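Enquirer: Predicted model follows, preceded by the sequence.
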Amino acid sequence: MTTPHITGTSLQTFRTGMATYVTFEDTEWEILKKFIEFKALKKKDHFAVSGKICDHIGFVVNGSVRYYHIKDGTEITGYFSFENDFVSSYKSYVTRSPGTGYIQALEETEFIIISYNNMKQMLNHPLLAYKMERFGRLVAEHYICCYEDRISSFILDTPEERYLKMLKTDPDIMQRVPQHYVANYLGITPVSLSRIRKRTVFQPSSINS
């Protein structure tokens, strides 16, 4: 892990990402900047690990991560995050309890991060409290919806339908993520994924209807 200074480009990317949920005035933004840091991970380094409290929420500036658990010695991939996504072991971050899963960089990945203590300070700051409270609520709502969609997909969709939806959401995922992780994420074997890919001609129009 390295901790160089935040670049102007990274900062602007982060501000644009925050604006998806809350827009900060210039005066507010200058204060907020004092509470954020930069974090860079090499490929296979971890943002969060099982058994330890996750102290940060991160915004992916460049790169990608995967969320996974280990059961009976086997890694089970549950989710991926890419540029402009917020990343954390959220339950651990909020409740201050040890996490049960891992978040690992799939490639060299850069984050803007907010520590738990800095978040508390912003939530108590007279000029930031309202918007940071709103930001937290809207981010939580977004990821609850993502979680519900994922559960529903496993109940209602075939593996091929899950594959096509994944390509619609993240069209370059097969170029950026190892196939065995993707298969695990879809709940199938790498062999089954290969068969689906062979019989599926990827046409954007076929999954936009």
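Expert: Ah, there it is.

Enquirer: host element of residue 147?
Expert: Using DSSP states H and E, the element containing residue 147 is helix 129-156.

Enquirer: quick one: buried residues of that helix?
Expert: For helix 129-156, a neighbour-count test (16 or more other Cβ atoms under 10 Å) marks 131, 132, 135, 136, 139, 153 as buried. C-beta: built from backbone N, CA, C; applies to glycine.

Enquirer: Let's verify residue 69: helix, strand, or coil?
Expert: strand (DSSP: H, G, I helix; E, B strand; the rest coil).

Enquirer: Verify the stated contact: it with residue 104.
Expert: No. Between residue 69 and residue 104 there is no contact under Cβ atoms under 8 Å: 11.5 Å.

Enquirer: part of a helix, is residue 165?
Expert: Yes. The assignment for residue 165 is a helix, going by three-state DSSP.

Enquirer: Check it and give its pLDDT.
Expert: Listed pLDDT for residue 165 reads 92.

Enquirer: coming back round to it: in terms of packing, which of residue 69 and residue 104 has more residues around it?
Expert: Higher neighbour count among residue 69 and residue 104: residue 104, with 22 against 14, using other Cβ atoms under 10 Å.

Enquirer: Helices of the protein, start to end?
Expert: 8-19, 26-32, 90-95, 116-123, 129-156, 159-169, 173-176, 179-186, 190-199, 204-208 (DSSP state H).

Enquirer: before we move on, back to that, any idea which of the buried residues of helix 129-156 is the one closest to residue 35?
Expert: residue 132 (9.3 Å; Cβ to Cβ).

Enquirer: Verify the stated contact: that closest one with residue 122.
Expert: Yes. Here residue 132 lies in contact with residue 122, judged by Cβ under 8 Å, at a distance of 4.6 Å.
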